[in-house]
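Q: got a sequence here, can you build the structure:
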Amino acid sequence: MLSPGKLFISEATEGPLAINITLSAQPSDVVTVTIAVPGAWDNTPMAVVAPSQLHFTPENWNQAQALLLQPRPVCNGDYFVKLSLE
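A: This is a model prediction of the structure:
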């Protein structure tokens, strides 16, 4: 589960922005979630995320873990940042 589910970036947005992630079911072993931001038209990510990995265990799977997203001013106007979670 990703909260907020959508992140809207406007010219007035200042970061970093906090995003909380939990798993929707208890795993039987450690689960590592790798977070990445796809590149824009110039192959530079539209934001930077930290940390780039989160680790969930059978004990903490339903406790929110936070990552910080720092938008990159890529254009004038509003835009969306897509996160890749694997």
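
Q: need the three-state assignment for the residue of the chain positioned farthest from its centre.
A: The outermost residue of the chain, judged against the average C-alpha position, is Ser28 (23.8 Å), by Cα atoms, centre = their mean. With DSSP: H, G, I helix; E, B strand; the rest coil as the basis, Ser28 sits in coil.

Q: list the contacts for it?
A: Shown in contact with Ser28 (Cβ atoms under 8 Å, 6 or more residues apart in numbering): Pro58. Just so you know, the C-beta spots here come from the backbone N, C-alpha and C atoms, and that holds for glycine as well.

Q: measure it to Trp61 for me?
A: 10 Å (Cβ to Cβ, to the nearest Å).

Q: ditto for Leu54
A: In terms of Cβ to Cβ, Leu54 sits 11 Å off from Trp61.

Q: please work out how many residues are found near Val81.
A: By the measure other Cβ atoms under 10 Å, the count of residues near Val81 is 22.

Q: so it sits against Val48, correct?
A: No: in this structure, Val81 is not within contact of Val48 by Cβ atoms under 8 Å, at 10.2 Å.

Q: confidence score at Asn62?
A: At Asn62, the predicted lDDT confidence score is 93.

Q: and it, what does it touch?
A: Applying Cβ under 8 Å, 6+ apart to Asn62 gives the contacts 22-23, 26.

Q: pull out the buried residues from these.
A: Leu23 (16 or more other Cβ atoms under 10 Å).

Q: want to throw the contacts of Asn62 into JSON lines with distance to Gly39 and pLDDT?
A: Supplementary listing: these in JSON lines, determined by distance: Cβ to Cβ, whole Å; pLDDT from 0 to 100:
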{"residue": "Thr22", "distance to Gly39": "27", "pLDDT": "89"}
{"residue": "Leu23", "distance to Gly39": "27", "pLDDT": "91"}
{"residue": "Gln26", "distance to Gly39": "34", "pLDDT": "95"}
